[in-house]
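*Asks:* Fold the following and give me the result.
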Amino acid sequence: MFEIGYSHYAVILFLISGGLVLYVDVRIYKRDDLKKEKKAAKILGWLNITLGLLIFLVDWSYYIWFV
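*Replies:* Numbers count the residues shown, from 1 in each chain. All right, here's what the predicted structure looks like:
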C-alpha cells in the first residue's frame with residue numbers, strides 16, 4: 001500500500017525550530033537579561049523538540065505494528 005505522509009516534514013520542522021529557539025532566542029534573552037522571556041523560550045523550545053520526537057515515535061510505531 002502506498003501512502004503519502006507529511007509527518008516527516010512536521011518532525012523536521014519541530015526539531016529545527018525547537019533547536020533554533022533554544023540556540024538563538026535564549027541567547028538573546030540572556031544577553032538582554034530578560035528572565036521571563038528566557039524561561040518561556042526554553043519551555044517552548046523543549047516543547048517543540050518533544051513534540052517532534054513524539055510525532056516521530058508515533059509514526060514509527062504505527063508503521064512497525066500496523067503496516
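
*Asks:* what mean pLDDT does the longest helix anywhere in the chain have?
*Replies:* When the chain is parsed with DSSP state H, its longest helix is helix 35-66. Helix 35-66 comes out with an average pLDDT of 95.

*Asks:* Enumerate every residue touching the residue nearest to residue 35 when sequence neighbours are not counted.
*Replies:* Once flanking residues are discounted, residue 35 sits nearest to residue 29: 7.9 Å by C-beta to C-beta, 6 or more residues apart in numbering. Heads up, the C-betas are built off the backbone N, CA and C, glycines and all. Applying C-beta atoms under 8 Å, 6 or more residues apart in numbering, we find residue 29 in contact with 35, 37-38, 41.

*Asks:* Mind telling me what element residue 29 is part of?
*Replies:* helix 26-31 (DSSP states H and E).

*Asks:* what about dumping the CA coordinates of that helix to PDB?
*Replies:* Provided in PDB are the C-alpha atoms of helix 26-31 (Å, rounded to 0.1, in the frame of the first residue of the first chain):
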ATOM      1  CA  VAL A  26      17.600  32.000  24.700                       C
ATOM      2  CA  ARG A  27      21.000  33.700  24.000                       C
ATOM      3  CA  ILE A  28      19.300  37.000  23.100                       C
ATOM      4  CA  TYR A  29      17.100  37.000  26.200                       C
ATOM      5  CA  LYS A  30      20.100  36.100  28.400                       C
ATOM      6  CA  ARG A  31      22.200  38.900  26.800                       C
END
